[in-house]
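Asks: Structural data only, the sequence is not supplied:
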């Protein structure tokens, strides 16, 4: 059995872009996460869900950080502190390899936030974690996420299955410094 190493989340520095701050999730993010979990915005990621399902997802997000040292960053608008969504690299036990993903909250779409946040998360994965090229697993009907993947330079690679549902696997480019 492998020894479990817990990561100190306070030691993980936030990422900053021109308009955004990406930071490790904290308990104060729960109301925004709950609203997302209960909404139709979860259509392509297993939802909407109920309050208990949203709580399990929220605590799983934090647990992923504790166990792996990476996960979904909370995306904040730098100028206002408004929670816009989450983006980052996840590698759940049943995933084929680390995945770059993004979810935006209601009202945050169409402004380039997902692309900006995902670029920062992908660069962190390359430099801090030594990961890449990453995949993104996207529901075939999720045209908005496919457009983000294309803006990130990812290309469709193959059809796959994720938690019993069909998904498209998009491969991100190998990014060099």
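Replies: Okay, I see it. For clarity, every value in this text was computed on a predicted model and none was experimentally measured.
Asks: Can you check the pLDDT for residue 6?
Replies: pLDDT for residue 6: 92.
Asks: Could you measure from the residue nearest to it when sequence neighbours are not counted over to residue 10?
Replies: Using Cβ to Cβ, 6 or more residues apart in numbering and skipping residues adjacent in sequence, the residue nearest residue 6 is residue 66, 5.3 Å away. C-beta here means a position set from N, CA and C on the backbone, and glycine is covered the same way. Per Cβ to Cβ, to the nearest Å, residue 66 is found 11 Å from residue 10.
Asks: between the two, who's got more neighbours?
Replies: residue 66 (15 against 7; other Cβ atoms under 10 Å).
Asks: I figured that one was touching residue 8, is that so?
Replies: No: look at residue 66 against residue 8 with Cβ atoms under 8 Å: they stay out of range, at 9.0 Å.
Asks: Give me the buried positions along stretch 156-163.
Replies: By neighbour count with 16 or more other Cβ atoms under 10 Å, stretch 156-163 contains the buried residues residue 162.
Asks: mean confidence score for that stretch?
Replies: Per-residue scores along stretch 156-163 average to 92.
Asks: what comes into contact with that stretch?
Replies: Contacting residues not belonging to stretch 156-163 are listed as 46, 94, 95, 96, 135, 137, 166, 167, 168, 169, 170, 171 [Cβ atoms under 8 Å, 6 or more residues apart in numbering].
Asks: just the buried members of those residues?
Replies: Buried, going by 16+ other Cβ under 10 Å: 135, 137, 167, 168, 169, 170, 171, out of the contacts of stretch 156-163.
Asks: Give me the subset of these lying in strands.
Replies: Per DSSP state E, strands hold the following members of these: 135, 137, 167, 168, 169, 170, 171.
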